[in-house]
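K.L.:
Attaching a predicted model along with its sequence, questions to come.
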Amino acid sequence: ADVDGKRIANADAEPGNWMSHGRDYGEQRYSPLKKITDDNVDELGLAWSYKLDIDRGVEATPIVVDGVMYTTGPFSIVYALDARTGKEIWKYDPKSDRSRAGEACCDAINRGVAVWKGKVYVGVLDGRLEAIDAKTGERVWSVDTRYDRERSYSITGAPRVVNGKVVIGNGGAEFGVRGYVTAYDAETGDQAWRFFTVPGDPDKPAEGKGMEIAKKTWHGRAFVEQGGGGTAWDSFAYDPDLNLLYIGVGNGSLWDPIWRSEGKGDNLFLSSIVAVNADTGEYVWHYQTTPGDAWDYTATQHMILADLEIKGEQRKVLMQAPKNGFFYVIDRATGELLSAENIVPINWAKGVDLKTGRPIVDDEAAAYWKGEKKAKLVQPGFWGAHDWHPMSYSPDTGLVYIPAHIMSAWYEHVPDAPARNKFKSMYQLGLKTGMMPEDPEGLGKYADTWSGKLIAWDPVKQQQAWEVPYVTIFNGGTLSTAGNLVFEGSADGRVIAYAADTGKKLWEQPAASGVMAAPITYSVDGEQYVTFMAGWGGAFSTFAGALSLRAGVQPYAQVLTYKLGGTAELQEPAPREDAPTPPPLTADAATVEAGAKLYDGYCSQCHGIHAVSGGVLPDLRMLSPETHKQFLGILHGARIPDGMPSFGEAFDQEQMEQIHQYLIKRAHDRIEHGPDDLPQPTQKTASN
Ligand SMILES: O=C(O)c1cc(C(=O)O)c2c(n1)C(=O)C(=O)c1cc(C(=O)O)[nH]c1-2
Ligand SMILES: [Ca+2]
């Protein structure tokens, strides 16, 4: 595992390895390997599988160095496996603080490790960054990256290592945090630099040139208390020649700009790409995709560096398809916007003005944060036209392969800003969102408006080359290879290979769970392998549980590795047990109604809107008689070891009973309505 900057920068010289998150510093996720091609990919079979410990969302990109695979599972557990056989070499559990599991917005997920000079680095869900000995799996150092322990910081992203420094951001912009990126000495864990993405107290000196610029774009003082947001929870890229580190910056906190910044200002560096000096963390340039973000339009999405010929000129570009629906091509030396077009239908903006670089915002979509009382249906909604699922770029076809979403969401202004507290709740967003019908028919109609697509996008022409439809959102990240192939897993539980030039499906097998993570390829002893990390979970299936049931999968977490002629057998989860009979419904309508409000505010982000779980965390309509008895105890923390936080300080006993009664009511609704399967989607949105 003796990886260093030279080796990563020359990744093409050793195509058998996958040494950093996006394979190279430009994060193209393109492999020069071509033993597996469009001619023989139909002979691909399972070589080995490895079962992960916890069946929740799996989002990691594995690293492979010299025959060893380093990857992660739920709750940031790290695995070192023999890349030929899947045999475990060691396992390291950082024992992420389960009492704080509820402070992470989107399941207990992790996007993988970094490897550098004999050490493996992992960001832990509870906010630690740790170095592990690559040979023994023993911890070498550990730092708590949280700048303020009273706030709900978490880490889900993969670290990157640049010039001997481990770079990591954090999550939490749904719960009132101030975003930043920190670089730590890879050897010692000592802090080298920190770059804040949004300003702190306006009465105190700004932290460097970046904050001088940003400060002028914020108004009032509410953002100091509310954190401001701007978490860098996923993407980075690095250009060794320019020595620039690119940071993908997230959404605002609170979401509603009225409660964040008096409804005014661009609120830099929310929803921006920021370039900093990789040695010092000093600001160099920025490009803001969504000024004054009001919709959770993060620009944390995967960034790809490439050299493209644009209008007869060779340009060093950075490409990103952030949540807001546009595909941006930016000059990565200067930050100049070269082009931007939307990849799916959108209604929040009419386009991007190339002169100013600013979106032409639609007045209707913006109305909610101008204080209008009516809810607005905005497209894309909070999981964007593209979320964290990595895209890839093939220099052979010149196309970018984007796992895209078609989805909308309601947004509604609320008359009061919430007081900040540590309980993850919908109220903490400072607006009302996520509204959807409760009745199966209405829900089915709404579900029909959500679907997924693999889009092959031409970044020079800024237009689509081909597409493949999927039944729902949250399909897997992509990998492209010199064998004219694009690999992608799907939300509905398949692993698939397409011809990179035409999009023709060439190979497909079942994956025993939904696949969200991006696959990788590597070779050992001349044999090429393709690995998919399978395992359903993440933001979609926890919050919008009912809609995610369209995927029809369970959260079964495993590493699946394929080779030509592989014959291993796929392990599958046991079928779900039938729901027990609920207790009789005795509560009155007012009690149930009060419980519904509390549930949708505090419980829905994990257990699903209207108590319909997507199957990752327990469906609270199907509690066992034993669990019904322990209900209050569980709310007081009895299941912290499983990641269920205590709500002892959030609710009084009466409120806990109200929630319980609401769940009993929903259990009876479920029996009345029958199974949760929504009506089948129309032809248009059915999977390929
Ligand atoms: O604002 C944030 O700090 C933050 C963090 C995370 C995260 O850390 O996973 C997500 C998001 N936002 C987010 O907006 C989002 O859509 C999302 C999806 C997922 C996921 O893993 O499925 N995480 C996150
Ligand atoms: Ca967010």
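P.N.:
Sure, I can see it. Residues are numbered from 1 along each chain as shown. Ligands and ions are numbered 1, 2, ... in the order given.

K.L.:
Alongside ligand 2, which residues does the stretch 51-200 of the chain contribute?
P.N.:
Ala173 (CB under 5 Å from the ion). (Each C-beta comes from the backbone N, C-alpha and C, glycine too.)

K.L.:
how does it look with 8 Å?
P.N.:
105, 171, 173-174 (CB under 8 Å from the ion).

K.L.:
And for the chain?
P.N.:
105, 171, 173-174, 229, 231, 233, 250-251, 296, 298, 300, 382.

K.L.:
again, only using 6 Å
P.N.:
Within the chain, the positions adjacent to ligand 2 are 173-174, 250-251, 296, 298 by CB under 6 Å from the ion.

K.L.:
ends of stretch 239-250, how far apart?
P.N.:
21 Å (CA to CA, to the nearest Å).

K.L.:
Any part of that stretch near ligand 1?
P.N.:
Yes. Stretch 239-250 reaches ligand 1 (CB under 6 Å from any ligand atom) through Gly250.

K.L.:
Can you point out the buried residues in that stretch?
P.N.:
239-240, 242, 244-250 (16 or more other CB atoms under 10 Å).

K.L.:
Count the neighbours of Pro202 for me.
P.N.:
Residues lying near Pro202 (other CB atoms under 10 Å) number 14.

K.L.:
secondary structure element for it?
P.N.:
When elements are assigned from DSSP states H and E, Pro202 belongs to no helix and no strand.

K.L.:
Could you check how far it is from Asp126?
P.N.:
Separation of Pro202 from Asp126 (CB to CB, to the nearest Å) stands at 30 Å.

K.L.:
quick one on the thing from earlier: secondary structure added to the residues of the chain next to ligand 2, as JSON lines?
P.N.:
Converted to JSON lines, the residues of the chain next to ligand 2 look like this (DSSP: H, G, I helix; E, B strand; the rest coil):
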{"residue": "Ala173", "secondary structure": "coil"}
{"residue": "Glu174", "secondary structure": "coil"}
{"residue": "Gly250", "secondary structure": "coil"}
{"residue": "Asn251", "secondary structure": "coil"}
{"residue": "Asp296", "secondary structure": "coil"}
{"residue": "Thr298", "secondary structure": "coil"}
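
K.L.:
Nearest to ligand 1 among these?
P.N.:
Among the residues of the chain next to ligand 2, Ala173 lies closest to ligand 1 (CB to the nearest ligand atom), at 3.2 Å.

K.L.:
ok so, going back, present the residues of the chain next to ligand 2 as TSV; the columns should include distance to Leu431.
P.N.:
Output for the residues of the chain next to ligand 2, formatted as TSV (distance: CB to CB, whole Å):
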residue	distance to Leu431
Ala173	14
Glu174	11
Gly250	16
Asn251	12
Asp296	10
Thr298	16
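
K.L.:
Just the buried residues from the residues you listed, in PyMOL please.
P.N.:
Remark: buried members of the residues of the chain next to ligand 2, expressed as a PyMOL selection using 16+ other CB under 10 Å:
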select buried, resi 173+174+250+251+296+298
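
K.L.:
so which two of the residues of the chain next to ligand 2 are the farthest from each other?
P.N.:
Farthest pair in the residues of the chain next to ligand 2 (CB to CB) is Glu174 and Thr298. Separation: 10.7 Å.

K.L.:
which of the residues in the helix-or-strand element of the chain with minimal mean pLDDT are buried?
P.N.:
In the chain, no helix or strand scores lower on mean pLDDT, DSSP states H and E than helix 363-366, which sits at a mean of 79. Across helix 363-366, burial judged by 16+ other CB under 10 Å covers 365-366.

K.L.:
And the next helix or strand after that helix, how far out from the chain middle?
P.N.:
Downstream of helix 363-366, the first helix or strand assigned by DSSP H and E is strand 376-378. On the basis of CA atoms, centre = their mean, to the nearest Å, strand 376-378 sits 22 Å off its chain's mean C-alpha point.

K.L.:
which outside residues touch strand 376-378?
P.N.:
Strand 376-378 is contacted from outside by 295, 347-348, 364-365, 367-368, 408-412, using CB atoms under 8 Å, 6 or more residues apart in numbering.

K.L.:
Okay, helices next: where are they in the stretch 201-350 of the chain?
P.N.:
For the stretch 201-350 of the chain, helices defined by DSSP state H, counting those that start in this stretch occupy the ranges 208-215, 222-226, 257-261.

K.L.:
Give the buried residues for the first one.
P.N.:
Within helix 208-215, the residues that qualify as buried are 208, 210-211, 214-215, counting by 16+ other CB under 10 Å.

K.L.:
what's the closest of those to ligand 1?
P.N.:
Among those, and counting by CB to the nearest ligand atom, the member closest to ligand 1 is Ala214, at 17.3 Å.

K.L.:
residue contacts, that closest one?
P.N.:
Neighbours of Ala214 in contact, by CB under 8 Å, 6+ apart: 197-199, 206, 268-269.

K.L.:
Switch those residues over to a markdown table; also include pLDDT and neighbour count.
P.N.:
Shown next, in a markdown table, are the contacts of Ala214 (pLDDT from 0 to 100; neighbours: other CB atoms under 10 Å):
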| residue | pLDDT | neighbour count |
| --- | --- | --- |
| Thr197 | 98 | 28 |
| Val198 | 98 | 30 |
| Pro199 | 98 | 26 |
| Ala206 | 96 | 17 |
| Leu268 | 98 | 25 |
| Phe269 | 98 | 29 |
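
K.L.:
between those, which is nearest ligand 1?
P.N.:
Using CB to the nearest ligand atom, the contacts of Ala214 come closest to ligand 1 at Thr197, 10.8 Å.
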